[in-house]
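[1] quick one, what's the 3D model for this:
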Amino acid sequence: MGPLVRLLNVTKSYLSGSESEVLPLAGISFELFRGERVILLGKSGSGKSTFLNIVGGVDTPTEGQFFFDGKELTKRSQVDLAHYRRREVGFIFQSFNLFPSLTVGENVTLPLELLGISDHTQAHELLAEVGLDGYWKKFPEVLSGGEQQRVAIARALVKKPRLILADEPTGNLDQETGNSILKLIDRICLESNAALIMVTHSPDALWIAPRHYRLKSGMLIEDNYTD
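    You can find the predicted model right below:
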């Protein structure tokens, strides 16, 4: 079985100002198999978000190729990339990104609605699994930060994605709550055999993945140290 995610000589560049070229990614090659986990390190502005955006189908490479499950997505249309994101990728963000006007249940079932799935059984089961049984009709504003992140995790996983992209998922949480969120992500990844790429600055989060990489000067370097 081939890699789930494959980047082949991927470069991303863009202009900053009138003439200056920024090169956050410079000829990166990378593979990730189903169920594997990777932590991505690097200073602010090193290209971590650019890397996640390309793997998540939010952005496209300037040069090189991006494959998911053996299919090249590099030059696919925006409609195809949107379908890829909706079907295959679960995003977990530092800022939760819940819709304040929607209830917990509506936030979690939104990915299913976008896929035309009306059965909400999985959403109810996931909320119970993340310790939020009975929260279906509550609004995000009455939840703690840890509870909001649990809702965000349930929303990311409700469609059973094969790839989870987590961008500083514990960055806005205290250490105890952050550790519980990491354990939750760990358990759900194991149960669903989902691949995980997680950006973090926290040394307390490194245990969740055996492979650690650092983005530096546009290059992806294997690394087992924190900043």
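[2] please count neighbours and contacts with C-alpha atoms only from this point.
    Noted.
[3] got the phi/psi numbers for the residue nearest the centre of the chain?
    With distances taken as CA atoms, centre = their mean, residue 165 lies nearest the centre of the chain, 1.4 Å away. Note on residue 165: backbone dihedrals following degrees, to the nearest 10 are phi -110, psi 120.
[4] residues in contact with it?
    Residues in contact with residue 165 (CA atoms under 8 Å, 6 or more residues apart in numbering) are 52, 56, 89, 90, 91, 92, 196, 197, 198.
[5] in the protein, which spans are helices?
    Assigned by DSSP state H, the helices in the chain fall at 48-55, 78-88, 104-114, 121-129, 145-157, 175-192.
[6] how much space between residue 132 and residue 176?
    Note on residue 132: its distance to residue 176, by CA to CA, to the nearest Å, is 18 Å.
[7] of these two, who's got more company?
    For residue 132 versus residue 176, neighbours defined as other CA atoms under 10 Å are more numerous around residue 132 (18 against 9).
[8] and the gap between that one and residue 108?
    Remark: distance between residue 132 and residue 108 (CA to CA) = 12 Å.
[9] shared neighbours of these two, which are they?
    Counting by CA under 8 Å, 6+ apart, the residues touching both residue 132 and residue 108 are residue 151.
[10] in a markdown table: the helices of the chain, plus distance to residue 208 and mean pLDDT.
    What follows is the helices of the chain, written out as a markdown table (distance: least, CA to CA, whole Å; pLDDT from 0 to 100):
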| stretch | distance to residue 208 | mean pLDDT |
| --- | --- | --- |
| helix 48-55 | 18 | 94 |
| helix 78-88 | 21 | 93 |
| helix 104-114 | 24 | 94 |
| helix 121-129 | 19 | 90 |
| helix 145-157 | 16 | 92 |
| helix 175-192 | 6 | 88 |
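[11] with distance to residue 16 added, can I get those helices in JSON lines?
    Converted to JSON lines, the helices of the chain look like this (distance: least, CA to CA, whole Å):
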{"stretch": "helix 48-55", "distance to residue 16": "15"}
{"stretch": "helix 78-88", "distance to residue 16": "24"}
{"stretch": "helix 104-114", "distance to residue 16": "34"}
{"stretch": "helix 121-129", "distance to residue 16": "42"}
{"stretch": "helix 145-157", "distance to residue 16": "33"}
{"stretch": "helix 175-192", "distance to residue 16": "35"}
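[12] among the ones you listed, which comes closest to residue 202?
    Residue 202 lies closest, by CA to CA, to one member of the helices of the chain: helix 175-192, at 9.7 Å.
[13] which secondary structure elements does that closest one sit against?
    With contacts defined as 3 or more CA pairs under 8 Å, 6 or more residues apart in numbering; DSSP states H and E, helix 175-192 has these neighbours: helix 145-157.
[14] contacts for stretch 95-113 next, please.
    With CA under 8 Å, 6+ apart as the test, stretch 95-113 has contacts from 86, 118, 120, 123-124, 135-141, 148-149, 151-152, 154-156, 158-159, 169, 172.
[15] select only the buried ones of those residues in PyMOL?
    Listed next is the PyMOL selection for buried residues among the contacts of stretch 95-113, using 16 or more other CA atoms under 10 Å:
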select buried, resi 86+123+124+135+136+139+140+148+149+151+152+154+155+156+158+159+169+172
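[16] what's the pLDDT at residue 227?
    Looking at residue 227, its pLDDT is 46.
[17] again with residue 35
    Looking at residue 35, its pLDDT is 95.
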